[in-house]
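>>> what follows is a protein structure lacking sequence information:
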């Protein structure tokens, strides 16, 4: 901590932006970023609904060819309720930003900065890790955050926004297989616009979906916008900001030490901390909000209260698509009969040769069936005349097939595929198979994930372009 405080207090000259990134980060010492954000959470129960506003301040403390040192602070502004308990959380930390844009926090913390089930406690924008080589639309790369885990990114398009031309990116990460019942699972998707000249983030939208151990599904949306292009802070205001940042870091470290489990609260330690905060002269900077938040947290902790603990589950690397054993790839699927249980007719799978086929195997009571049928409905329209999309039940009867077709307003039959599933070695449902025009298996994956439509489309494009 002493080294960091000395570094903050020191007089550091600005330097040219660092290299080693496809869009260099063009920032200078003394620049301050301000982002405004809105957070909304929804769930199956009315009590799950939550909304709040967030404001993030980022002050550049050092910028040279080796990277950036910055103070990042996010303030949660809860709806006014007239109660002191409605005071929002403010979190302030130091971070090192590598030339690539990768953020490394100076303080190791067990409290998540981007909780799954709660509003963000600390945003890392304006920074985003990018590869060194120039990206083309559709090109992807992976980042690995020590807190949230691996994340897959893909370049989308170049767009024009109010503050300039931006590269629009899509990032996705998720926990374990969404199919696993009785476990907490989640998915995160972020759409981010990075200014092409300056290299920092202008706009972002984060969408999270998670399912509790009991099967309840929740979602949240955070929309983040840069308020204005960052301008250097006058030297006097910069020093005031540094004083409040330095004090907040010291008091936060003392509070974290007091919060460690020791049986009875250390009342004397809390009292000493509260007096020290009160003795600090308020410089009127935005970072004084962190001091007020720390004081409130100390008061609550002294009274023996603790806020709810956010759920922490790291992401897992997304599937690379071809989960089928190598020896079964490009093997022809047997031309087994499949039936329309409602019409009472049967046809051979061979009837569908001549075009690629997407086979969607599922059970009529599967929790994932609404997502699978929504995809099938959309895909049947998108690939009309080019691809066959078949929904195949591996159990159930004609009433199930009729009910699903009516409930989801499907323009195609729901078929009985249990015989095809058995003779072809199917084991787990849901299951997705992609066949080429000759009936050979080209792609197979268990379950259903948010990334599956893209993976299926990629395989279909490859088949269609090689015909």
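Done, it's in. Remember, predicted model here, so these are calculated numbers, not experimental data.
>>> the stretch 351-467 of the chain: helices as residue ranges?
369-382, 398-407, 418-423, 452-465 (DSSP state H, counting those that start in this stretch).
>>> so which of the ones you listed comes closest to residue 161?
helix 452-465 (24.6 Å; CB to CB). (Glycine included, C-beta is placed from N, CA and C.)
>>> need the contact list for residue 153.
For residue 153, the contact set (CB atoms under 8 Å, 6 or more residues apart in numbering) comprises 140-143, 169-171.
>>> so which of the helices of the stretch 351-467 of the chain is nearest residue 435?
Among these, helix 452-465 comes nearest to residue 435, with 8.8 Å by CB to CB.
>>> next one: the closest one to chain centre, how far?
On the basis of CA atoms, centre = their mean, to the nearest Å, helix 452-465 is displaced by 24 Å from the centre of the chain it belongs to.
>>> buried stuff in it?
Residues of helix 452-465 classed as buried under the neighbour-count rule (16 or more other CB atoms under 10 Å) are 452-453, 455-457, 459-460, 463.
>>> again, but for stretch 295-309
When burial is assessed from 16+ other CB under 10 Å, stretch 295-309 yields the following buried residues: 295-298, 301-302.
>>> how close does the nearest residue to residue 299 once chain neighbours are set aside get to residue 142?
Spatially, and ignoring its direct neighbours in sequence, residue 299 is nearest to residue 274 (7.1 Å; CB to CB, 6 or more residues apart in numbering). Noted for residue 274: a distance of 45 Å to residue 142, by CB to CB, to the nearest Å.
>>> what sits against the nearest residue to residue 114 once chain neighbours are set aside?
Computed as CB to CB, 6+ apart, the closest residue to residue 114 that is not its neighbour in sequence is residue 120, at 5.3 Å. Contacts of residue 120 were listed using CB under 8 Å, 6+ apart, and they are 37, 39, 54, 74, 113-114, 206, 222.
>>> okay, and the residue nearest in space to the middle of the chain sits in which element?
Taking CA atoms, centre = their mean as the criterion, residue 188 is the residue nearest the geometric centre of the chain, at 2.9 Å. Assigned by DSSP states H and E, residue 188 belongs to strand 185-195.
>>> what packs against the helix or strand just after that strand?
From strand 185-195 onward toward the C-terminus, using DSSP H and E, the following helix or strand is strand 201-211. Using 3 or more CB pairs under 8 Å, 6 or more residues apart in numbering; DSSP states H and E as the contact criterion, the secondary-structure elements in contact with strand 201-211 are strand 164-174, strand 185-195, strand 217-226.
>>> among these, which is nearest residue 68?
strand 185-195 (15.5 Å).
>>> pLDDT (mean, whole number) over the helix or strand that contains residue 154?
Assigning secondary structure by DSSP H and E places residue 154 in strand 149-161. For strand 149-161, mean pLDDT rounds to 90.
>>> show the pLDDT at the closest residue to residue 350 other than its chain neighbours.
Using CB to CB, 6+ apart and skipping the chain neighbours, the partner closest in space to residue 350 is residue 335 (3.7 Å). On the pLDDT scale, residue 335 is placed at 76.
>>> low pLDDT regions in the stretch 101-250 of the chain?
Scanning the stretch 101-250 of the chain for pLDDT under 70 picks out the ranges 177-180.
>>> list the contacts of residue 432.
Residue 432 neighbours (CB under 8 Å, 6+ apart): 358-361, 443-445, 448, 452, 456.
>>> and if we set it to 10 Å?
Going by CB atoms under 10 Å, 6 or more residues apart in numbering, residue 432 touches 323, 358-362, 372, 375, 443-449, 452-453, 455-456.
>>> state the distance from it to residue 253.
Using CB to CB, we find residue 432 at a distance of 50 Å from residue 253.
>>> same check on residue 57?
Residue 57 is 20 Å from residue 253, where distance means CB to CB.
>>> okay, those two: which has more neighbours?
residue 57 (23 against 12; other CB atoms under 10 Å).
>>> ok now the longest helix seen in the chain, how far from the chain's centre?
Ranked by number of residues, the top helix in the chain under DSSP state H is helix 235-258. On the basis of CA atoms, centre = their mean, the separation between the geometric centre of helix 235-258 and that of its chain is 30 Å.
>>> what about residue 236, neighbour count?
Should you count by other CB under 10 Å, residue 236 turns out to have 9 residues around it.
>>> now do the contacts for it.
Applying CB under 10 Å, 6+ apart as the definition, the contact partners of residue 236 turn out to be residue 283.
>>> distance of it from residue 284?
11 Å.
>>> kindly report the same for residue 219.
If you measure residue 219 against residue 284 using CB to CB, the figure is 39 Å.
>>> likewise residue 170?
With distances defined as CB to CB, the gap from residue 170 to residue 284 amounts to 40 Å.
>>> ok, those two, which is more surrounded?
For residue 170 versus residue 284, neighbours defined as other CB under 10 Å are more numerous around residue 170 (15 against 11).
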